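**Q** Have a look at this fold, sequence not included:
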């Protein structure tokens, strides 16, 4: 029996003990659950069908109390889905997750002396393994295919006589990993939550190897050694993840648990040209920038038009953030809001003519826009300098967006300049309105200065920061920030607005600690 390397969510586990599944603010009574007509949103259904809730339940109750609850749900699930193969319950990635969770938490499912139930569980694991043999390679590249092949390999290790399947499964997993990650260790969907889940799935698979005393193939360790630094590269000073490509701001506790479960000790990756994130640190200051085009549309369900967006934190305080959460639909984030959270305006970057730097089509996929990002990074005694530009507005508006960022030594000051530069084949660019947006973390008290060219930011710990700008009019607008549970929190944003003339324009800004 493999050991689950990651602890569950005690709050979700206590909710199950109290009689209902809890997922992103939504509830489903356990006793009333009907697997023949599971009437919950797809992400919630995935949580239930994958049996990920076993981890949460195990974290909130001793085995003798958790096992009867798990067995009741298991009986209901097997009555409907044990023999009948249908989606979503038998979608290959969910089957992979379910196999990993069933085996890692087998004591909760096999504690009862009911021989029929035990036989149902063991036969179910064998059936899932055969299903994955045929379907794993048909899954979408990235996390879905990775998890499906992880299920194949786990089954080969834990089911007697699995040597032929292990040879087959390891070959499939190696191929899946080659397409799931960039060479710098970042997932191809560019999603922090997908990166987190990928590391977690591979850690669970490594525990299956350990359970049977078999050394994992070298390629598995090599991938983990790259994926963990990439994951750490998008963490802030508080240890949590930022809001990028549909993810919410996953808390430090979960990130720490997944990293510790991986058994990889590494420093955060600072430059990831393919993964797309640039990390600059100085003192307690942490600057993270999206310096790549959005992910390929078919590889990301909630890809965002966030090129050149930034997040900035100092110590445990987040200052500039992105709204995030486009991939976390639930009770508090309806689908319409989720679409809005994917826009360029929901990120801390410049928006031209109230349009997205990469189009978001009516069917939710990403369209044309940014195809190339130029980047120049330099380190010097005067600070770390990052200069970037993207072509997302060139064809439609005839301007390239260039952003220059300088983080001063000590991390107490961040300077920036946003420029719109005439580019492309348009002979005459028309004046176009712009808005450079800086979304603020929740809890920051912000007030404009008398000259309306600056603002004072009072952070939650009492620290005082000053924001100054030139080249546009400064205003304060409402915003929101989504945490890792898909819960939106009210926040505010600083907006520098103006109009770019045909020859282009430039706005300068800085934020610094003044007490």
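**A** Nice, thanks for sending it over. The structure presented is a predicted model; accordingly, all values stated were derived computationally and were not measured.

**Q** Tell me which stretches of this structure form helices.
**A** Taking DSSP state H as the criterion, the chain carries its helices at 10-18, 42-49, 53-60, 63-81, 92-104, 106-110, 115-135, 143-158, 163-180, 192-212, 218-232, 252-262, 335-340, 394-397.

**Q** most packed of those helices?
**A** helix 143-158 (a mean of 27; mean count of other C-beta atoms under 10 Å). All C-beta spots, glycine's among them, are computed from the backbone N, C-alpha and C.

**Q** now for that helix, which elements pack on it?
**A** With contacts taken as 3 or more C-beta pairs under 8 Å, 6 or more residues apart in numbering; DSSP states H and E, helix 143-158 sits against helix 92-104, helix 115-135, helix 163-180, helix 192-212.

**Q** again, only using 10 Å
**A** Packing contacts for helix 143-158, counted by 3 or more C-beta pairs under 10 Å, 6 or more residues apart in numbering; DSSP states H and E, involve helix 92-104, helix 115-135, helix 163-180, helix 192-212, helix 218-232.

**Q** now it against helix 218-232, angle please.
**A** Put simply, helix 143-158 runs at 140 degrees to helix 218-232, going by axes from the mean of the first three to the mean of the last three C-alpha atoms, to 10 degrees.

**Q** what mean pLDDT does helix 143-158 have?
**A** Averaging pLDDT along helix 143-158 gives 98.

**Q** And that helix, how far out from the chain middle?
**A** 21 Å (C-alpha atoms, centre = their mean, to the nearest Å).

**Q** quick one, it and helix 115-135 angle?
**A** 130 degrees.

**Q** what's the angle from helix 143-158 to helix 192-212?
**A** Using the same axes, to 10 degrees: helix 143-158 against helix 192-212 is 10 degrees.

**Q** Contact partners for residue 210?
**A** The contact partners of residue 210, taken as C-beta atoms under 10 Å, 6 or more residues apart in numbering, are 2, 3, 5, 157, 216.

**Q** any idea how far the closest residue to the first one other than its chain neighbours is from residue 146?
**A** Of all residues beyond its chain neighbours, the one nearest residue 2 is residue 207 (4.0 Å), with distances taken as C-beta to C-beta, 6 or more residues apart in numbering. From residue 207 over to residue 146 the distance is 16 Å, taken as C-beta to C-beta, to the nearest Å.

**Q** Kindly report the same for residue 80.
**A** 27 Å.

**Q** re earlier: just the buried ones from the contacts of residue 210, in ChimeraX syntax?
**A** Entered in ChimeraX, the line below selects the buried ones among those, by 16 or more other C-beta atoms under 10 Å:
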select :2,5,157,216
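
**Q** circling back to that earlier point, could the helices of the chain go into JSON lines alongside distance to residue 353?
**A** Output for the helices of the chain, formatted as JSON lines (distance: least, C-beta to C-beta, whole Å):
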{"stretch": "helix 10-18", "distance to residue 353": "43"}
{"stretch": "helix 42-49", "distance to residue 353": "34"}
{"stretch": "helix 53-60", "distance to residue 353": "46"}
{"stretch": "helix 63-81", "distance to residue 353": "50"}
{"stretch": "helix 92-104", "distance to residue 353": "39"}
{"stretch": "helix 106-110", "distance to residue 353": "55"}
{"stretch": "helix 115-135", "distance to residue 353": "45"}
{"stretch": "helix 143-158", "distance to residue 353": "35"}
{"stretch": "helix 163-180", "distance to residue 353": "36"}
{"stretch": "helix 192-212", "distance to residue 353": "29"}
{"stretch": "helix 218-232", "distance to residue 353": "34"}
{"stretch": "helix 252-262", "distance to residue 353": "37"}
{"stretch": "helix 335-340", "distance to residue 353": "17"}
{"stretch": "helix 394-397", "distance to residue 353": "6"}
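
**Q** Of all the ones you listed, which one is nearest residue 443?
**A** helix 252-262 (16.5 Å; C-beta to C-beta).

**Q** Against which helices or strands is that closest one packed?
**A** Using 3+ C-beta pairs under 10 Å, 6+ apart, helix 252-262 sits against helix 192-212, helix 218-232.

**Q** Now render those helices as CSV, adding mean pLDDT.
**A** As requested, the helices and strands packed on helix 252-262 are exported to CSV (pLDDT from 0 to 100):
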stretch, mean pLDDT
helix 192-212, 97
helix 218-232, 97
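
**Q** And those: which comes nearest residue 470?
**A** Nearest of these (C-beta to C-beta): helix 192-212, 33.4 Å.

**Q** chain center to that closest one: distance?
**A** 16 Å.

**Q** Ok, stretch 66-81 next?
**A** Relative to where its chain is centred, stretch 66-81 has its mean C-alpha point 30 Å off (C-alpha atoms, centre = their mean).

**Q** do the same with stretch 2-15
**A** With C-alpha atoms, centre = their mean, you get 19 Å for stretch 2-15.

**Q** Repeat that for stretch 252-268.
**A** 15 Å.

**Q** and if you look at stretch 421-438?
**A** 31 Å.

**Q** I'd guessed residue 192 sits against residue 328; true?
**A** No - Residue 192 is beyond contact range of residue 328, at 11.8 Å (criterion: C-beta atoms under 10 Å).

**Q** which residues sit in contact with residue 136?
**A** Neighbours of residue 136 in contact, by C-beta under 10 Å, 6+ apart: 92-93, 95-96, 144-153, 168-169, 172-173, 176.

**Q** so what's it closest to, chain neighbours aside?
**A** residue 148 (3.8 Å).

**Q** That neighbour reaches residue 90, doesn't it?
**A** No - proximity of residue 148 to residue 90 does not meet the contact threshold set by C-beta under 10 Å, at 11.3 Å.

**Q** Test my guess that residue 187 contacts residue 176.
**A** No - applying C-beta under 10 Å, one finds residue 187 not in contact with residue 176, separated by 11.9 Å.

**Q** list residues touching both of those two?
**A** Contacts common to residue 187 and residue 176, judged by C-beta under 10 Å, 6+ apart, are 142, 143, 146.

**Q** beta partners for residue 474?
**A** Residue 474 has these beta-bridge partners by DSSP bridges: residue 496.

**Q** again, but for the one 4 residues further on
**A** Note on residue 478: beta-bridge partners residue 492, judged by DSSP bridges.

**Q** Could you do residue 501 as well?
**A** Assigned bridge partners for residue 501, using DSSP bridges, are residue 504.

**Q** List the contacts of it.
**A** 420, 422, 429, 430, 431, 432.

**Q** which of those count as buried?
**A** 420, 422, 429, 432.

**Q** and those, which two are the farthest apart?
**A** Taking C-beta to C-beta, no two of those sit farther apart than 422 and 432, at 11.1 Å.

**Q** what sits in contact with each of those two?
**A** 397, 398, 399, 500, 501, 502.
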